[in-house]
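K.L.:
structural data only, the sequence is not supplied:
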């Protein structure tokens, strides 16, 4: 028996093992627009896929004993490929319904079962099947050796699939192209094998035709998936990016959306700020109107770095943004120009601060623009201490946080405020919409690295901010009325941001 014939199953399980991890990695990105990048999504996907594989191993072993044939083996591969095609339809038509019906706690679990259990289960049946078939092909080799080889190549395929997804597929292709491509690989591999095994041509052609029709339908639906006012839609490294033109406050505007969260926007008929929260960068005028260096953590559409660079052409403006595509998108769609005093860095904000030797007069944190995916490592005492250490004396830290002012026992906002006050005793908080509003809104955190208290009732301060910000004193939250003893401080060791977010969304109406 030739070497190729004895070992072709090892190649097959390598491919199917890779398919499992491609589905698993992409699954996290699939759920993100609907439930956020939370620990609940990741845990649900991993748990459901592992459970499906476990059941697949058990059932696959039984089937292998009853039907130890290559036709059954490749038939299951064919079924798994088709199930991935069906999965794409479920993503388009069922997942939006599930996101409206379940919370971010249980929604990812239910969605993972509905979407990913069957494909993972079918792929899980293949390893015990391959062991049984390989034993027949190599009768003189012990079952232990055969099992070791099968699991080695299957696991090696999974490693390859994981790395290939993260480093090649997701940065270069859309999610639906990746899923459909994975399904096509499995379908064509199985069809080729079934043809070699002399399965009836009518069945083969029927399957090919069905797959072709499904592929056309998916492509057709995807082409009409977004509305006409969407000017850009693509998967970034960290989430689905959509740019769309709308009418906002009776004016033409362009909005920037990542996953399920609005990250920013501009008016198209002027350079006015479309959203009130983006005007609060100007608080630097109170403490250091002639500042020399500023840092913005989270570039987004670069509205704030752009404004600072224009207002202070002699100041250096550093921007650290973790999503590589945002900078170019801001130039193409949001009017960002090449400013000589603006430096862009593609890096995590906390890592950048820790490594930087520079000190700043202003640090603006704008990486918290989603209530569904809060970067927990940017909410802790340790992070705020790094920020404080990188501020010059009389420097100011401004952070834009999404939250609500309902004093529930489990409140992410009040926990963040308590943590912030621990590091910045001279701190202030502003409700952008209204301090009487209970629903979610932008809350501006201000930490001043100086001893003098800022009197926001002072008309001279109001004059420095007008006309960009008005009635600031009416938006300042009275922290003396908040019982912070009810809330936890967030630390690197214990920072249950996802849980607090889930409780906020579960108990409140937004």
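P.N.:
Everything's here; your move. Computed from a predicted model, the values in this text were never measured in an experiment.

K.L.:
which SSE is the nearest residue in space to residue 475 that is not next to it in sequence in?
P.N.:
Spatial nearest neighbour of residue 475, chain neighbours left out: residue 430 (4.6 Å); criterion: C-beta to C-beta, 6 or more residues apart in numbering. C-beta coordinates here come from the backbone N, C-alpha and C atoms, glycine included. Applying DSSP states H and E as the criterion places residue 430 in strand 427-431.

K.L.:
and that strand, what does it pack onto?
P.N.:
Applying 3 or more C-beta pairs under 8 Å, 6 or more residues apart in numbering; DSSP states H and E, we find strand 427-431 packed against helix 412-423, strand 441-448, helix 472-475.

K.L.:
number of nearby residues for residue 389?
P.N.:
Applying other C-beta atoms under 10 Å, we find 12 residues neighbouring residue 389.

K.L.:
can you start the count at 35 instead of 1 from here on
P.N.:
Will do, 35 is the new start, and the previous item becomes residue 423.

K.L.:
against residue 481, how distant is it?
P.N.:
Separation of residue 423 from residue 481 (C-beta to C-beta, to the nearest Å): 12 Å.

K.L.:
can you give the distance of stretch 151-168 from its chain's centre?
P.N.:
Mean-position distance between stretch 151-168 and its chain equals 31 Å (C-alpha atoms, centre = their mean, to the nearest Å).

K.L.:
that stretch spans what distance, first to last residue?
P.N.:
One end of stretch 151-168 sits 27 Å from the other (C-alpha to C-alpha, to the nearest Å).

K.L.:
contact partners of the strand holding residue 464?
P.N.:
314, 439, 451, 454-455, 471, 475, 477-482, 488, 490, 506, 509-511, 513 (C-beta atoms under 8 Å, 6 or more residues apart in numbering).

K.L.:
try it again with 10 Å
P.N.:
Applying C-beta atoms under 10 Å, 6 or more residues apart in numbering, the external contacts of strand 461-465 come out as 311, 314, 317, 418, 430-433, 435, 437-439, 447, 450-451, 454-455, 469, 471, 475-482, 487-488, 490, 503, 506-513, 516.

K.L.:
picking up where we left off before, would you turn the helices and strands packed on strand 461-465 into a markdown table with mean neighbour count and mean pLDDT?
P.N.:
Below are the helices and strands packed on strand 461-465 laid out as a markdown table (neighbours: other C-beta atoms under 10 Å; pLDDT from 0 to 100):
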| stretch | mean neighbour count | mean pLDDT |
| --- | --- | --- |
| helix 446-457 | 22 | 95 |
| strand 475-482 | 22 | 94 |
| helix 506-509 | 16 | 84 |
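
K.L.:
for the strand holding residue 464, the averaged confidence score.
P.N.:
Across strand 461-465, the average pLDDT comes to 95.

K.L.:
same question for stretch 536-544.
P.N.:
Mean predicted confidence for stretch 536-544 is 62.

K.L.:
and what of stretch 374-383?
P.N.:
95.

K.L.:
end to end on it, go ahead and measure it.
P.N.:
Start-to-end, stretch 374-383 (C-alpha to C-alpha) is 22 Å.

K.L.:
and after the helix or strand of the chain with the lowest mean pLDDT, which helix or strand comes next?
P.N.:
The helix or strand of the chain with the poorest confidence is helix 235-257; it has a mean of 59 (mean pLDDT, DSSP states H and E). Using DSSP H and E, the helix or strand that follows helix 235-257 in sequence is strand 264-269.

K.L.:
starting at the chain centroid, how far to that next one?
P.N.:
That offset, for strand 264-269, works out to 16 Å (C-alpha atoms, centre = their mean).

K.L.:
can you check stretch 512-525 too?
P.N.:
Using C-alpha atoms, centre = their mean, the offset of stretch 512-525 from its chain centre is 29 Å.

K.L.:
so for that stretch, mean pLDDT?
P.N.:
Per-residue scores along stretch 512-525 average to 94.

K.L.:
list the buried residues in it.
P.N.:
516, 521, 522, 523, 524 (16 or more other C-beta atoms under 10 Å).

K.L.:
out of the helices and strands packed on strand 461-465, which gets nearest to residue 99?
P.N.:
helix 446-457 (52.5 Å; C-beta to C-beta).

K.L.:
who are the packing partners of that closest one?
P.N.:
The contact analysis (3 or more C-beta pairs under 10 Å, 6 or more residues apart in numbering; DSSP states H and E) places helix 446-457 against helix 415-423, strand 425-437, strand 461-465, strand 475-482, helix 531-541.

K.L.:
out of those, which comes closest to residue 376?
P.N.:
It's strand 425-437; of the helices and strands packed on helix 446-457, that one is closest to residue 376 (C-beta to C-beta) at 17.9 Å.

K.L.:
which stretches of the stretch 185-334 of the chain have low pLDDT?
P.N.:
For the stretch 185-334 of the chain, applying pLDDT under 70 flags the ranges 233-262.

K.L.:
can you give me the strands for the chain?
P.N.:
Counting by DSSP state E, the segments of the chain that form strands are 264-269, 274-282, 285-292, 295-301, 327-331, 350-355, 376-380, 394-399, 425-437, 461-465, 475-482.

K.L.:
tell me what the fourth one is packed against?
P.N.:
This points to strand 295-301. Contacts defined by 3+ C-beta pairs under 10 Å, 6+ apart place strand 295-301 against strand 274-282, strand 285-292, helix 337-345, helix 360-367.

K.L.:
how far off centre is it?
P.N.:
Worked out by C-alpha atoms, centre = their mean, strand 295-301 lies 17 Å from the chain centre.

K.L.:
list the buried ones in the longest helix seen in the chain?
P.N.:
Counting residues, the longest helix in the chain under DSSP state H turns out to be helix 37-69. Buried residues in helix 37-69, defined by neighbour count with 16+ other C-beta under 10 Å: 43-44, 46-69.

K.L.:
ok, residue 70 to residue 196 distance?
P.N.:
Residue 70 is 22 Å from residue 196, by C-beta to C-beta.

K.L.:
picking up where we left off before, tilt between the longest helix of the chain and strand 295-301?
P.N.:
Inter-element angle recorded for helix 37-69 and strand 295-301: 60 degrees (by axes from the mean of the first three to the mean of the last three C-alpha atoms, to 10 degrees).

K.L.:
what about helix 37-69, distance to the chain center?
P.N.:
With C-alpha atoms, centre = their mean, you get 21 Å for helix 37-69.

K.L.:
does residue 376 really touch residue 330, like I thought?
P.N.:
Yes - contact criterion C-beta atoms under 10 Å: residue 376 and residue 330 qualify, at 9.4 Å.

K.L.:
out of these two, which sits in the busier spot?
P.N.:
Set side by side, residue 376 and residue 330 show more neighbours around residue 330, with 30 against 23, by other C-beta under 10 Å.

K.L.:
which residues do residue 376 and residue 330 both contact?
P.N.:
With C-beta under 10 Å, 6+ apart as the test, residue 376 and residue 330 both reach 336, 339, 340, 342, 343, 351, 352, 353.

K.L.:
count of neighbours near the last one?
P.N.:
Put plainly, it is residue 353. 29.

K.L.:
how about the contacts made by it?
P.N.:
328-334, 336, 338-340, 342-343, 360-361, 364, 376-380, 383, 386, 398, 400.

K.L.:
one more time with 8 Å
P.N.:
Counted by C-beta under 8 Å, 6+ apart, residue 353 has contacts 329, 330, 333, 336, 339, 361, 376, 377, 378, 379.

K.L.:
just the buried members of those residues?
P.N.:
Neighbour-count burial (16+ other C-beta under 10 Å) applied to these gives 329, 330, 333, 336, 339, 361, 376, 378, 379.
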